[in-house]
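Peer 1: Return a 3D structure for these sequence lines:
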Amino acid sequence: MKRKHVDIFTDGACSGNPGPGGYGVILKYGAHIKELSGGEAETTNNRMELTAAIKGLSLLKESCDVTLYTDSQYLVNAVEKGWAAGWKARGWVKSDKKPALNSDLWQQILSLLEQHDVRFVWIKGHAGHPENERCDALATAAAADAAKG
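Peer 2: Next up is the predicted model:
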């Protein structure tokens, strides 16, 4: 049986780093489009980028073929270059013997990547890509809401 193909667009934003942050996600499956966003009062930009990917992938109810578009080189490189898998294999320690940051989120991402066939596509942020701009607006609004408490 052919698996469904879903496009997921993600972005994270942070006002200060750390500071109030937000994420935005768009899922597209055929004619169906779903948007979601959320925020945290005290977080980092990287945590919001990872959270956006987790939230998007977590919405999938069955194993899917996914193209995940992000402007986060941190996310793309850590997965595609095997950094995150290496950190996990070493007990969340980087090759320079320093602790890997965001191991709680990386654990979730690696688990989700076992469930779905995900292809990452890096896109330049703030370059007029319609879905990235929309995700940025969602993330920025969620960060502003988080800042209000």
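Peer 1: quick one: contacts of the helix or strand that residue 141 is a member of?
Peer 2: When elements are assigned from DSSP states H and E, residue 141 belongs to helix 130-148. Residues outside helix 130-148 that contact it (CB atoms under 8 Å, 6 or more residues apart in numbering): 9-15, 19-26, 28, 35-41, 48, 52, 69, 71, 123, 125-126. Backbone N, C-alpha and C define where each C-beta goes, glycine included.
Peer 1: what about the protein, any weak spots by pLDDT?
Peer 2: Applying pLDDT under 70 to the chain flags no residue at all.
Peer 1: which stretches of it form helices?
Peer 2: Along the chain, the segments classed as helices by DSSP state H run 45-58, 73-80, 83-89, 103-115, 130-148.
Peer 1: Tell me which residues touch the most centrally placed residue in the chain, please.
Peer 2: Most central in the chain under CA atoms, centre = their mean is residue 53, positioned 2.6 Å from the mean C-alpha point. The contact partners of residue 53, taken as CB under 8 Å, 6+ apart, are 8, 10, 68, 70, 75, 109, 112.
Peer 1: mind checking how far it is from residue 1?
Peer 2: With distances taken as CB to CB, to the nearest Å, residue 53 is found 26 Å from residue 1.
Peer 1: Repeat that for residue 64.
Peer 2: In terms of CB to CB, residue 64 sits 12 Å off from residue 1.
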